[in-house]
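K.L.:
have a look; sequence and predicted model below, questions after that.
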Amino acid sequence: MANKQNVGVPWIMCQQDQDVPPNINTCNGFYCHDWFPKRTDIPKIWTENWTGWFKAWDKPDFHRSAEDIAFSVAMFFQTRGSLQNYYMYHGGTNFGRTSGGPYITTSYDYDAPLDEYGNIRQPKYGHLKDLHNVLKSMEKILLHGDYKDTTMGNTNVMVTKYTLDNSSACFISNKFDDKEVNVTLDDGATHVVPAWSVSILPDCKTVAYNSAKIKTQTSVMVKRPGVETVTDGLAWSWMPENLHPFMTDEKGNFRKNELLEQIATSGDQSDYLWYRTSLEHKGESNYKLHVNTTGHELYAFVNGKLVGRHYAPNGGFVFQMETPVKLHSGKNYISLLSATIGLKNYGALFEMMPAGIVGGPVKLVDTVTNTTAYDLSNSSWSYKAGLAGEYRETHLDKAKDRSQWRGGTIPVHRPFTWYKATFEAPIGEEPVVADLLGLGKGVVWVNGNNLGRYWPSYVAADMDGCRRCDYRGTFMADGDGQKCLTGCNEPSQRFYHVPRSFLKAGEPNTMVLFEEAGGDPTRVSFHTVAVGAACAEAAEVGDEVALACSHGRTISSVDVASLGVTRGKCGAYQGGCESKAALAAFTAACVGKESCTVRHTEDFRAGSGCDSGVLTVQATC
């Protein structure tokens, strides 16, 4: 069908090696240097270079280093890559209830060079910018030149020389992840190539770029409290979700003598679907209510009382809930509220992945014999999608509904509760985030705009990758190769992007929460996000060292200017071999400025007591 459109240019099939029409197949992944298209007459295209990975409710944050991404890009162009695209270059947010998937949080930051809020993530952004500047300078010879690959005694070390007319350009790659190598080129010059890196020599003489040597700024982003939050906090009102209409099996949308799949049944109009039935019972008895569901979350009510709650842990789908219940004589009502947190995030036919209590079974188990007393799977089930507050559009805070909000003492840790507060937009242009730490699980709106689902009570797992980080070696998002994970044993997500386009300056803004699981809204606060510390690391003599703040902030102080410092990290460097000359030069050039550039000279060594020519600078914005 695509070919019959006669668009006049080739079609690109993203990561589609099988059943591809006679056009251009491409590569997706963390590395594509060893991948080649199915034909020799089409270009080698990398449609998705994954700069990070998804943020998941049950997992820490993945971080792919700037060195490793640069290594992958340089290797791709060394092996005759024609076109490369980043996924993602700008992180984002899954605004809206139905975005994302059961693994994926509301944040889609993806550890991208531009973060979820639009801030530049350094050093990733700057290191890649430097790389592409070098590649751009070699554009003509890479596109039109001849090439020759030479392995240097081992297939892990290779020199690629491009020639065009009387000019040449060279790549030297070292795929060893545990040792640097010395490589001697045709002119007799020897170059030291660090482990897991590529050196680029646009003239085959001078190294203009090495993927393992970061010479751009590192930025530490900080969240500064909003003024109102610091002084008085937020004034909250609340409203209970009206569960009463759902506690019987009456007034449903329809009935069915089977347990249906949730997403198709609800028409994707809500995260929530009520499965309700009833049974006649003689006398009083105790049972275990057993429900088998494809998730993702389940609340059980019997005769109007919440008797159990369960969710699928670790990104799973199928789980069982068993909870004790007591039936009275006469008619008993069972109401099961199934909640989803999105579609499966990726893969063929993902929209066909079932959710909800499809097929069951749902049964009452005798507590003495542990056998099924009542199988309710094929009972008459009444179905209703959504909650009362959703039908009323409580999140829009309509004038006719404002009398329903209650003030005074605010109940906390109360499930199925709506909360509302007003706040002033933080001044300035820095991105705004809401800190939802203390809440349980639910959905949040600002001025009627859905910021997405929240679940800060879900703590990220502690994994092996939390305790090791080294850019050298293959990056993996699954399996035993995971590394450089952060946020272990912390809330999966607590900060939520509030775009300034959602806010009204100089007048009250309204936040509405639907707290499903029970939390404490009084701990909610607002912050702005900007560069807190700016650092230059591993700068060598002759390098131009650039520092910059963001959003109009200026450098207030230069705190460290040392030669050979390796202790600590940006924002918390410990001094050592301080260079008074370097400190004076950076202080004079940078304090009071939004950005500055200083050349690292031999003069900085004087009086430092160190022989190292490697400079580390730290400034505060």
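P.N.:
Happy to help now that I have it.
K.L.:
can you name the element that comes right after the helix-or-strand element of the chain with minimal mean pLDDT?
P.N.:
Sorted by mean pLDDT, DSSP states H and E, the helices and strands of the chain end with helix 227-231, the least confident at a mean of 47. Downstream of helix 227-231, the next assigned helix or strand under DSSP states H and E is strand 236-240.
K.L.:
for that following strand, buried residues please.
P.N.:
236-240 (16 or more other Cβ atoms under 10 Å). (Each C-beta comes from the backbone N, C-alpha and C, glycine too.)
K.L.:
mind putting the residues you listed into CSV with pLDDT?
P.N.:
Output for those, formatted as CSV (pLDDT from 0 to 100):
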residue, pLDDT
236, 96
237, 97
238, 98
239, 97
240, 97
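K.L.:
what ranges in the stretch 51-200 of the chain fall below the confidence cut-off?
P.N.:
97-102 (pLDDT under 70).
K.L.:
just the helices in it please.
P.N.:
Listed in chain order, the helices of the stretch 51-200 of the chain (DSSP state H, counting those that start in this stretch) span 66-78, 124-137, 139-144.
K.L.:
most packed of these?
P.N.:
helix 66-78 (a mean of 24; mean count of other Cβ atoms under 10 Å).
K.L.:
which one, of the helices of the stretch 51-200 of the chain, ends up nearest to residue 313?
P.N.:
helix 66-78 (30.6 Å; Cβ to Cβ).
K.L.:
give me the residues contacting the closest one.
P.N.:
30-33, 44, 46, 49, 51, 84, 123-124, 127-128, 131, 135, 142, 158, 160, 171, 173, 175, 196-198, 200, 209, 211-212, 214, 471, 475 (Cβ atoms under 8 Å, 6 or more residues apart in numbering).
K.L.:
try 6 Å this time
P.N.:
Defining contact as Cβ atoms under 6 Å, 6 or more residues apart in numbering, one finds that helix 66-78 is touched by 31-33, 46, 51, 84, 123-124, 127, 131, 160, 171, 173, 196-198, 211-212, 471, 475.
K.L.:
and stretch 279-299, by the same measure?
P.N.:
102, 300, 309-312, 317-329, 331-332, 337-341, 354-355, 357-358, 360-365, 367.
K.L.:
what subset of the residues you listed is buried?
P.N.:
Buried among the contacts of stretch 279-299 (16+ other Cβ under 10 Å): 102, 300, 309-312, 319, 321, 323, 325, 327, 332, 337-341, 354-355, 357-358, 360, 362-365.
K.L.:
can you add distance to residue 554 and give the helices of the stretch 51-200 of the chain back as TSV?
P.N.:
Output for the helices of the stretch 51-200 of the chain, formatted as TSV (distance: least, Cβ to Cβ, whole Å):
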stretch	distance to residue 554
helix 66-78	26
helix 124-137	20
helix 139-144	37
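K.L.:
nearest to residue 580, out of those helices?
P.N.:
helix 124-137 (27.5 Å).
K.L.:
start to end distance for stretch 431-438?
P.N.:
22 Å (Cα to Cα, to the nearest Å).
K.L.:
one step back: and the helices of the stretch 51-200 of the chain: which comes nearest residue 261?
P.N.:
So among those, helix 66-78 is nearest, using Cβ to Cβ, at 40.3 Å.
K.L.:
the closest one versus helix 124-137: what angle between them?
P.N.:
Interaxial angle, helix 66-78 versus helix 124-137 (axes from the mean of the first three to the mean of the last three Cα atoms, to 10 degrees): 20 degrees.
K.L.:
distance between helix 66-78 and the chain's centre?
P.N.:
Computed by Cα atoms, centre = their mean, to the nearest Å, the chain-centroid distance of helix 66-78 equals 22 Å.
K.L.:
picking up where we left off before, select from the contacts of stretch 279-299 every entry located in strands.
P.N.:
Applying DSSP state E to the contacts of stretch 279-299, the entries found in strands are 300, 309-311, 319-327, 331-332, 337-339, 362-365.
K.L.:
and for residue 1, the neighbour number?
P.N.:
5 (other Cβ atoms under 10 Å).
K.L.:
for it, give its distance to residue 26.
P.N.:
19 Å (Cβ to Cβ, to the nearest Å).
K.L.:
also residue 216?
P.N.:
For residue 216, the distance to residue 26 - Cβ to Cβ - is 29 Å.
K.L.:
which residue of those two possesses the greater neighbour count?
P.N.:
In terms of neighbours (other Cβ under 10 Å), residue 26 is the more surrounded of residue 216 and residue 26; the figures are 23 against 20.
K.L.:
the stretch 51-200 of the chain: strands as residue ranges?
P.N.:
For the stretch 51-200 of the chain, strands defined by DSSP state E, counting those that start in this stretch occupy the ranges 83-87, 92-93, 107-108, 146-151, 157-164, 167-174, 181-184, 190-193, 197-201.
K.L.:
tell me the strands beside the third one, with direction?
P.N.:
Read it as strand 107-108. strand 92-93 (antiparallel) (DSSP bridges).
K.L.:
who touches the partner strand?
P.N.:
108, 116, 497.
K.L.:
make CSV out of these and add neighbour count.
P.N.:
Below are the contacts of strand 92-93 laid out as CSV (neighbours: other Cβ atoms under 10 Å):
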residue, neighbour count
108, 21
116, 25
497, 24
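K.L.:
the residue lying closest to residue 473 once chain neighbours are set aside - how many residues pack around it?
P.N.:
With Cβ to Cβ, 6 or more residues apart in numbering as the criterion, residue 473 has its nearest non-adjacent residue at 4.0 Å, and that residue is residue 177. For residue 177, the count of nearby residues is 13 (other Cβ under 10 Å).
K.L.:
same question, residue 616
P.N.:
Residue 616 has 28 nearby residues by other Cβ under 10 Å.
K.L.:
same check, this time on residue 181
P.N.:
20.
K.L.:
ok, now residue 242?
P.N.:
So residue 242, with other Cβ under 10 Å, has 14 neighbours.
K.L.:
that one contacts residue 388, correct?
P.N.:
Yes - between residue 242 and residue 388 there is a contact under Cβ atoms under 6 Å: 4.1 Å.
K.L.:
hang on, residue 362 packs against residue 378?
P.N.:
No - between residue 362 and residue 378 there is no contact under Cβ under 6 Å: 9.7 Å.
K.L.:
how is the chain divided into domains?
P.N.:
12-157, 222-241+390-528, 264-386, 531-620 (automatic domain parsing).
K.L.:
as JSON lines, these with distance to residue 186 would be great.
P.N.:
Listed next are those as JSON lines, based on distance: least, Cβ to Cβ, whole Å:
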{"stretch": "domain 12-157", "distance to residue 186": "9"}
{"stretch": "domain 222-241+390-528", "distance to residue 186": "28"}
{"stretch": "domain 264-386", "distance to residue 186": "47"}
{"stretch": "domain 531-620", "distance to residue 186": "25"}
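K.L.:
who is residue 364 paired with across the strands?
P.N.:
residue 289, residue 374.
K.L.:
surely it is in contact with residue 374?
P.N.:
Yes - between residue 364 and residue 374 there is a contact under Cβ under 6 Å: 4.2 Å.
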